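Trainee: Pasting the sequence and the predicted coordinates here, then a few questions.
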Amino acid sequence: GPTVPNPPKSVNPEEDECVEEMYTDPDHAEYTIKVPPPPPVQKPKPSIQRNFVLHTKDSLPPHIPELKCKALVDLGASINLMPLSVWKKLGLPDLIPTRMTLELANRAICTPDEIARDVFVLVGKFTFLADFVVVDYESDPRVPLILRRPFLRTARALIDVYGEEMILRDGDER
């Protein structure tokens with residue numbers, strides 16, 4: 001049968017440090033979070049059927065609740081984090097239950113109860129959908145959100161950690 005390859009015995013500490021570095025630039029790190037209004041109540045559909053609605057930046061309804069804030073871009077994070085207090089400010093209770101345990105950077109263990117799915121994040125002139133793990137923790141009020149590496153991949157971000165610069169692209173547009 002197939003064999004599973006063993007991981008390499010040596011670890012490059014420089015690569016590990018690179019993954020753990022975080023980036024934030026106060027001049028360019030303002031994000032707007034927009035959450036779509038809850039859909040009308042309908043009969044539940046079988047799990048195989050799903051409806052997808054695509055919105056362009058210009059077709060978003062003007063009455064979507066929004067919150068402008070700064071966000072920390074963590075190159076080593078695997079999830080997007082949002083404090084429960086920020087979610088309450090948005091005023092939308094539609095969260096999806098989850099069973100997960102997180103170990104935070106300070107080694108504290110927390111168990112978030114819910115996930116916010118399909119949150120519109122407006123960065124400059126670009127709008128992205130992102131999922132957030134909602135955690136009841138005390139965040140820095142200046143930078144309440146933590147955006148993960150897959151979000152940056154979706155946003156096609158080019159990051160110069162040394163130069164403290166981040167460029168988002170949509171095709172050839174920056």
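Mentor: Perfect, I can see it now.

Trainee: partners of the helix or strand harbouring Val121, with directions?
Mentor: Following DSSP states H and E, the helix or strand that holds Val121 is strand 114-123. Take DSSP bridges as the rule and strand 114-123 pairs in its sheet with strand 30-34 (antiparallel), strand 96-97 (antiparallel), strand 126-135 (antiparallel).

Trainee: quick one: buried residues of that strand?
Mentor: Residues 114-116, 119-123 are the ones in strand 114-123 that count as buried (16 or more other C-beta atoms under 10 Å). C-betas here are computed from N, CA, C, even on glycine.

Trainee: How many neighbouring residues does Glu165 have?
Mentor: Neighbour count for Glu165, taken as other C-beta atoms under 10 Å: 12.

Trainee: where does this structure dip in pLDDT?
Mentor: 1-78, 92-93, 104-106, 123-124, 126, 139-156, 158-161, 164, 166-174 (pLDDT under 70).

Trainee: Could you report the separation of Val86 from Glu165?
Mentor: Computed as C-beta to C-beta, to the nearest Å, the Val86 to Glu165 distance reads 26 Å.

Trainee: and what of Ala116?
Mentor: Separation of Ala116 from Glu165 (C-beta to C-beta): 29 Å.

Trainee: for Leu102, same thing?
Mentor: Taking C-beta to C-beta, one finds Leu102 at 30 Å from Glu165.

Trainee: what does Phe132 give?
Mentor: 25 Å.

Trainee: same question, Ala157
Mentor: 10 Å.

Trainee: Leu102 and Tyr137 touch, don't they?
Mentor: No. Leu102 lies out of contact with Tyr137 (C-beta atoms under 8 Å); the separation is 9.6 Å.

Trainee: joint contacts of these two?
Mentor: Cys110 (C-beta atoms under 8 Å, 6 or more residues apart in numbering).

Trainee: what's across from the residue nearest to Asp118 when sequence neighbours are not counted in the sheet?
Mentor: Among residues not flanking Asp118 along the chain, Leu129 sits closest, at 5.2 Å (C-beta to C-beta, 6 or more residues apart in numbering). Here Leu129 sits in beta bridges with Phe120, going by DSSP bridges.

Trainee: List the contacts of Leu129.
Mentor: Counting by C-beta under 8 Å, 6+ apart, Leu129 has contacts 118-121.

Trainee: I'm done for today, thanks for sticking with me.
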